[in-house]
Structures are given as structure tokens and as C-alpha cells.
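*Asks:* turn this into a model:
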Amino acid sequence: MRFNLSNATNKQYFTKRPTFYPGPGVWPSDGRNGSITLAIKL
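*Replies:* So this is what the prediction gives:
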């Protein structure tokens, strides 16, 4: 079983776009999200 939680505090931030992406700008942060993975080996 695996559990993943990203941006647990739901902090808002911005990241500058890569230079190869057309035009200037920023990307907003993703909100809080999580996932649970369960693997069964037979």
C-alpha cells in the first residue's frame, strides 16, 4: 500500500514557464491532492 499527498498545506505559488514554451508567463500551483495505491501480487 502506498499513500501520496502533495501540497498538504494548500499553499499557492507560481512557477515561471520554461523558456521553450511560447510566450512569457507563469503557471499557478496545483491545489491539495492525494492518492492511495494498493497492489496485490499473485
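*Asks:* residues touching the most centrally placed residue in the chain, list them.
*Replies:* For the chain, the residue nearest the mean C-alpha position is residue 30 (5.3 Å; Cα atoms, centre = their mean). Contacts for residue 30 (Cβ atoms under 8 Å, 6 or more residues apart in numbering) come out as 6-7. Heads up, the C-betas are built off the backbone N, CA and C, glycines and all.
*Asks:* could I get the pLDDT score of it?
*Replies:* pLDDT recorded at residue 30 is 87.
*Asks:* what does residue 20 give?
*Replies:* Residue 20 is given a pLDDT of 78.
*Asks:* who's in contact with stretch 35-42?
*Replies:* Stretch 35-42 is contacted from outside by 1-4, using Cβ under 8 Å, 6+ apart.
*Asks:* now the residues you listed in TSV, with pLDDT and secondary structure?
*Replies:* What follows is these, written out as TSV (pLDDT from 0 to 100; DSSP: H, G, I helix; E, B strand; the rest coil):
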residue	pLDDT	secondary structure
1	93	coil
2	95	strand
3	95	strand
4	95	strand
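*Asks:* of the residues you listed, which is the nearest to residue 22?
*Replies:* Distances from residue 22 to the contacts of stretch 35-42, taken as Cβ to Cβ, are shortest for residue 4 (31.7 Å).
*Asks:* which residues does that closest one bridge with?
*Replies:* residue 35 (DSSP bridges).
*Asks:* how far away is it from residue 26?
*Replies:* Noted for residue 4: a distance of 25 Å to residue 26, by Cβ to Cβ, to the nearest Å.
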